[in-house]
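1. Whatever this is, show me its structure:
(one chain, ligands or ions: 1)
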Amino acid sequence: MIAWKDIVRPIEAVIYKSDCFQQAIRVMREHQTDLALVKDDDNYVGYCTLSLLLDHIGDGGQIDETVTYQTDMITVPETSEAEFPHNITLIVSENRKQEATGFVTLEDARNKMNAYRLKELNEMLHGSGIGIVKMNLHYEIEFMNEEAESILGIPSDFLLLRNYKTLLTMEKDLDQVAQGETMINVSSSFNFKEMNGNFYPLRIDGKIKGIVHIFSLKEAFEKAVQELDFVRNIYSDLHAVYASSQEQIIVVDHSGKVLRVAGSFLENFWGIETPEDMVGNDWGRYTEEKKMEPDIFNMCVTQRQKVSALQTTDLSEKLWSVATPIYHEGQLERVVILLRNISEKKGSGMGENRDMSEQVAEANQLGNEVVYRSEKIETLLAELHRVAQMNSTVLLEGESGVGKEIFANNIHTSSPRHDQPYIRVNCGAIPEQLIESELFGYERGAFTGADRNGKAGYFELAHNGTLFLDEVGELPLNMQVKLLRVLQEKEIVRVGGTETISINVRLIAATNKDLEHMVQMGEFREDLYYRLNVIPFQVPPLRERKEDIFPLAIYFLEQFNQMYSFQKKFTSEAIDVLEAYEWPGNVRELQNIVERLIVLSQDDWVDEDIVVKALYGRSGSTKEEKPFAVEIMPMKEAVEKLENELIRQAINRYKTATKVSEVLKVSPATISRRMKKWKGGGENANV
Ligand SMILES: Nc1ncnc2c1ncn2[C@@H]1O[C@H](COP(=O)(O)OP(=O)(O)OP(=O)(O)O)[C@@H](O)[C@H]1O
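-> Here you go, the predicted model:
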């Protein structure tokens, strides 16, 4: 605000109402001014100007006559804001004691105000790259800011009062602006500088008094437009990412006001229909209503660090949250809260919908809980549960470590046989010569070293229950014949015995081999294959159900935390890296990695860096070695990075350069060239 005291000048030339013209001339001469204030006793009642005196004499008046004066004058408090009154020419300011402290004519006041404003504008625009030139209606430059000087490359001393119109080269006609037209986005050049800007008519009291040119260097302008475009693209990309993410992102300012809500909105949790309903509200409102507990925002603000927590909502659902504080110059500015719905991670046990911590607790006891979130596993489990009610043989196929055993166990526990024995046999782990006696048992004295009393085999032990033959593809051919016979006749004869024993067993077989291919190669009996393949199920590899990585990682983390008495947590970036990995070793590999991470991490946070190191055998902190992530970089570099990442992932999955080239539809030479480059120490040398 500009106050009157900032623009008035001291009162010096004063005459009295009763003084004559001669006295007025003397006072003005003495103070070298053309204006004197007129006083009546202690009050100022008007002012007398030199032109008034001249008019008086010109009209034949005498100089010894009593002075005449003007009264279009007001008195204002000196601290009030300078605002221009109508029909007034002179303003006198006074202090609290109502003593006059200064005066100013309206015209002077306007000029001073303009000078102030220009100074302020100049300061505001300092470093902004925006130049301002003000010219009068003769196009003479009357003012230019420092930015204009530096853009034009010529000091204002040299340019002031020069004709801007003749200096500037442009296609448009400045006369039109002088007539009131505003010109936007006009290209012009001056002193070899290309500029882009707007011309405005300058109106004072409704009349056009000049022209203002506001401009920036064209290259800076174009760069800004490109940057804006870039930012806009990133913004819409981010929105697309948010929209497809399974996370909820809430940005809260330091005072607790919700600034932004993005991502898959967790409508079920709070009964809030759209993200907009939340923006502008106080975060405390949601915690007061016990929408989520504990209050992750408060935890983050008080602990002044990134925190994570399992939160319960008022509908008893579970969220896994990470709150990250953002500081600016040491002050907390915002907290970014990332929420994941983990209630949807269903446990399979008898179809209930249980949350993560219950699953963990139970699984710790049982160790056979199926943790998942993907549709694929949901469908698979639903089918397994249906099949579990019957007695049919089930064949579980899938890569090593996908969880076949856990699904087999699940069939048993959800079948009517669940309170009967469940026997698991790893066919690949029993020495060949013992397989028969292990499966079917033996009679006393059947062979040297055998138990004196004889022993029941797995089939007998599993009577009325379930027998799970894991790695069934490892059975030698002669055993396959015997197994087939048992399956057909539903009876066994112990080794060394003669008596047939009826058995009622539900068989589940599993393999990570391609049994059909083995049949073609003569390595597996076709008749047994069809016997086993009554109801086949494919357990999909982890890379085809990436949604399961997060719940599984948290599940194993909790298990190992308990085992090692740790309280470690993943950062969300660490989870991102886990989700981006291809997991050739499937869930077993994930389980092993989580254990390694928990043991290796130095503090309570398992971060991105350590995960990258564990998965790729190198540190994530070296820029080139990070797994692919969107970041701002030169396009060429980004393309190469993407190509490297594609090739790396393809190698992880398909192992050979020929297959990789087939999948990526490039020549094998391209792949091997790139691999050579890595080996030579270039990017992704550790792939
Ligand atoms: N969905 C799951 N939820 C919880 N744990 C799982 C899940 N899937 C696999 N696991 C765990 O991962 C490990 C490997 O699983 P499992 O042994 O069942 O795999 P598999 O397919 O039978 O492997 P293989 O073919 O090598 O025998 C086990 O410790 C198992 O408990």
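
2. what about the closest residue to Thr66 other than its chain neighbours, how many neighbours?
-> Leaving aside its sequence neighbours, Thr66 sits nearest to Cys20 (CB to CB, 6 or more residues apart in numbering; 5.8 Å). All C-beta spots, glycine's among them, are computed from the backbone N, C-alpha and C. The local packing of Cys20 (other CB atoms under 10 Å) involves 15 other residues.

3. Distance of Cys20 relative to Pro431?
-> Distance of Cys20 to Pro431, computed by CB to CB, to the nearest Å: 137 Å.

4. again, but for Lys677
-> 48 Å.

5. Those two: which has the busier surroundings?
-> Using other CB under 10 Å, the more surrounded residue of Lys677 and Pro431 is Lys677, with 14 against 7.

6. Sticking with the more buried one, tell me its helix or strand.
-> helix 668-679 (DSSP states H and E).

7. Repeat that for Pro85.
-> With DSSP H and E as criterion, Pro85 is part of no helix or strand.

8. Wait, it touches Met73, no?
-> No: counting by CB atoms under 8 Å, Met73 is not a contact partner of Pro85; they are 10.0 Å apart.

9. Which one's more surrounded, these two?
-> Met73 (20 against 12).

10. quick one, what contacts Phe524?
-> Going by CB atoms under 8 Å, 6 or more residues apart in numbering, Phe524 touches Gly473, Leu477, Gln480, Leu515, Met518.

11. wait, Val539
-> Leu380, Leu396, Glu397, Gly398, Val402, Gly403, Lys404, Phe407 are the contacts of Val539 under CB under 8 Å, 6+ apart.

12. Quick check: the gap between the residue nearest to it when sequence neighbours are not counted and the ligand.
-> Distances taken as CB to CB, 6+ apart place Gly398 nearest to Val539, at 3.4 Å, with adjacent residues excluded. Applying CB to the nearest ligand atom, to the nearest Å, the value for Gly398 to the ligand is 6 Å.

13. tell me, how many neighbours does Gly398 end up with?
-> Count around Gly398 with other CB under 10 Å applied: 19.

14. Write out the residues of the stretch 501-650 of the chain neighbouring the ligand.
-> Asn512, Leu552, Val587, Arg588, Gln591 (CB under 6 Å from any ligand atom).

15. ok, so of the residues you listed, who is nearest Cys300?
-> Leu552 (26.4 Å; CB to CB).

16. do you know how far Val577 is from the ligand?
-> Going from Val577 to the ligand by CB to the nearest ligand atom gives 20 Å.

17. Glu147 now?
-> 63 Å.

18. part of a strand, is Arg596?
-> No: counting by DSSP: H, G, I helix; E, B strand; the rest coil, Arg596 falls outside a strand, being helix.

19. Filter the residues of the stretch 501-650 of the chain next to the ligand down to the buried ones and hand me the ChimeraX line.
-> The buried residues among these can be selected in ChimeraX (16 or more other CB atoms under 10 Å) with this line:
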select :512,552,587,591
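
20. Give the full set of residues in contact with whatever residue of the chain ends up closest to the ligand.
-> In the chain, the residue that lies nearest the ligand is Gly403 (2.6 Å; CB to the nearest ligand atom). Taking CB under 8 Å, 6+ apart, we find Gly403 in contact with Val370, Val539, Asn586, Val587.

21. Point to the helix or strand of this structure where mean pLDDT is at its lowest.
-> The helix or strand of the chain with the lowest confidence, counting by mean pLDDT, DSSP states H and E, is helix 356-366 at a mean of 39.
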